[in-house]
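1. Structural data only, the sequence is not supplied:
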């Protein structure tokens, strides 16, 4: 699975770093380094919403405080 | 508010924006010969002897705007017919000499080069004169004048000489492409080649970023530019030109500061590799010192590499204050990561050629880097960032002694000391332009407040440390 986090200016200001750090932690905690590839990208074309995230080709919008529940609900269930 | 420092820049800008307009409209071939007349429509000359010469020079500018002489590898070119063949000859006594009794000039001259005519007027013996200028400084009538061409004066690497027909000539093996002469020639007879056509071509062929995405990497010195509008409006303007995303080169600077601090600790002595003119200067004039050049890519190339590692099809255009970046782009180690380079002057021309008034644009955001990445734009910023990098990497058993040099003369002094093993320092930050990148030849305006603007822009960054800024890069 590939999780792409937008690190463009708009998402950066909305907290993409906090999301990245949490995701890195969650992947490690769950020992999923082999199964989940975490990558950054500059702009996913959805600057008006929250931080843009893609799981493979599905687009999501996220606030930093929701990262854990998002990871459990959207990422873990897809594995 | 003024957009340029000089009328020479304005003329160059007019040509660049006309070429842009035609290129976007696919009418370059039919419209190119009309450009000079579009810019100078009347019959009364305002700059030269006649409108025909003015237009002939604009034709030459148009060629440079379209990439210049392909056979000439140098980025900086002389427009022969625009060169006014300024007088040369060094110090000379003018008519203002009163033939006084004090003879301060004679006293000041260390070489006995001042002699007096039978009218008691001073005269300089050229065989003895070493051009130190002391006589000119002490003359109460300021009667001693120096004839030195502004281009030669601007060129601190002595790459400009006089050809047989008295026009300026660039020695390409010596030129470091810093562009100082471009900005200093009062007749605009020296110009940097432009890659606006390549950039427009990249944008057009992306078909609205569907074939591939075009990224703009913007240098932090932009904070002192386009002062008639807000930075966020400039970002919107860049996107309106067709760029998919605008990213701060300062993020690349954060990457460099982190890597460079570790490299410095490992090697113990480094010269910076951010400024392509400084790197070229070492390679050409201090080849025995090249081993000390940092192996890091420049912030521009480091970020371009990252972008392309995430998006293989991406095209990357760097927008900055620098003419030397146009040469850096062609280096083997940089070529894969940067597809084109534009200056701020050229960006302004792109805006006008596309009829984009940035003051009417909405404000977008630009925030990718830390304070430290952003202050690379001014002299001393890189040294500060490396100090921070050492700290953040937990390197404590290293006495960091940076020597921040701005201007090639300053760089030369430090390199000479390094060669003689007399450098009181272990890190040379070399910036070819006085004051750092904020004084780059491709800037729209050059001002004293520019440094403060860079610092202010640095402080506005969301991320306060280098590690925080680069932790996002996965």
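-> Received it, and whenever you're ready, just let me know what you need. On a predicted model such as this, the values are computed, not experimentally measured, just so you know.
2. Confirm for me that residue B:53 is in contact with residue B:79.
-> No: using Cβ atoms under 8 Å, residue B:53 is not in contact with residue B:79, being 11.6 Å away. (Glycine included, C-beta is placed from N, CA and C.)
3. Compare neighbour counts for these two and give me the winner.
-> Between residue B:53 and residue B:79, residue B:79 has the larger neighbour count (other Cβ atoms under 10 Å in any protein chain shown), namely 23 against 14.
4. mind checking which helix or strand residue B:137 is in?
-> Taking DSSP states H and E as the criterion, residue B:137 maps to helix B:134-138.
5. Which other helices and strands does the next helix or strand along the chain from that helix contact?
-> Counting by DSSP H and E, the next helix or strand C-terminal to helix B:134-138 is strand B:144-147. The contact analysis (3 or more Cβ pairs under 8 Å, 6 or more residues apart in numbering or on different chains; DSSP states H and E) places strand B:144-147 against strand B:90-93, helix B:134-138.
6. what's in contact with strand B:144-147?
-> B:86-94, B:97, B:105, B:122, B:124, B:131, B:133, B:135-136 (Cβ atoms under 8 Å, 6 or more residues apart in numbering or on different chains).
7. what pairs with it, and is each one parallel or antiparallel?
-> Here strand B:144-147 has these sheet partners by DSSP bridges: strand B:90-93 (antiparallel).
8. residues contacting the residue in chain A positioned nearest to chain B?
-> Across chain A, no residue is closer to chain B than residue A:43, which sits at 4.0 Å (Cβ to the nearest Cβ). By Cβ under 8 Å, 6+ apart, the residues touching residue A:43 are A:6, A:8, A:10-11, A:52, B:244-245.
9. contacting residues around residue 60?
-> I went with chain A, as the question did not name one. A:52-54, A:70, A:74.
10. nope, chain B
-> Here residue B:60 is in contact with B:79, B:81-82 (Cβ under 8 Å, 6+ apart).
11. now do 6 Å
-> Counting by Cβ atoms under 6 Å, 6 or more residues apart in numbering or on different chains, residue B:60 makes contact with residue B:79.
12. next structured bit after the host helix or strand of it?
-> Using DSSP H and E, residue B:60 falls within helix B:51-65. Going down the chain from helix B:51-65, the next helix or strand is strand B:76-78, by DSSP H and E.
13. Okay, buried residues for that next one please.
-> B:76-78 (16 or more other Cβ atoms under 10 Å in any protein chain shown).
14. Now render those residues as a markdown table, adding distance to chain A and pLDDT.
-> Shown next, in a markdown table, are the buried residues of strand B:76-78 (distance: Cβ to the nearest Cβ, whole Å; pLDDT from 0 to 100):
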| residue | distance to chain A | pLDDT |
| --- | --- | --- |
| B:76 | 32 | 98 |
| B:77 | 34 | 97 |
| B:78 | 39 | 97 |
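15. Export the contacts of residue A:43 as a markdown table, with columns for distance to residue B:462, secondary structure and pLDDT.
-> Formatted as a markdown table, the contacts of residue A:43 follow (distance: Cβ to Cβ, whole Å; DSSP: H, G, I helix; E, B strand; the rest coil; pLDDT from 0 to 100):
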| residue | distance to residue B:462 | secondary structure | pLDDT |
| --- | --- | --- | --- |
| A:6 | 15 | strand | 96 |
| A:8 | 13 | coil | 96 |
| A:10 | 12 | helix | 96 |
| A:11 | 11 | helix | 96 |
| A:52 | 17 | strand | 96 |
| B:244 | 22 | coil | 97 |
| B:245 | 17 | strand | 97 |
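16. Could you point out the helix or strand that follows the host helix or strand of residue B:161?
-> Using DSSP H and E, residue B:161 falls within strand B:160-162. Next in sequence after strand B:160-162, counting helices and strands by DSSP H and E, comes strand B:168-170.
17. from the middle of its chain, how far away would the helix or strand following that following strand be?
-> Counting by DSSP H and E, the next helix or strand C-terminal to strand B:168-170 is helix B:180-184. Computed by Cα atoms, centre = their mean, to the nearest Å, the chain-centroid distance of helix B:180-184 equals 9 Å.
18. For helix B:180-184, which helices and strands make contact with it?
-> Judged by 3 or more Cβ pairs under 6 Å, 6 or more residues apart in numbering or on different chains; DSSP states H and E, helix B:180-184 is in contact with helix B:150-154, strand B:190-192.
19. and among these, the most buried is which?
-> Highest mean neighbour count among the helices and strands packed on helix B:180-184 (mean count of other Cβ atoms under 10 Å in any protein chain shown): strand B:190-192, with a mean of 28.
20. picking up where we left off before, check the helices and strands packed on helix B:180-184 for me: which has the lowest mean pLDDT.
-> Across the helices and strands packed on helix B:180-184, helix B:150-154 has the smallest mean pLDDT, namely a mean of 95.
21. got a list of contacts for that one?
-> For helix B:150-154, the surrounding residues in contact (Cβ under 6 Å, 6+ apart) are B:160, B:168, B:180-181, B:184-186, B:190.
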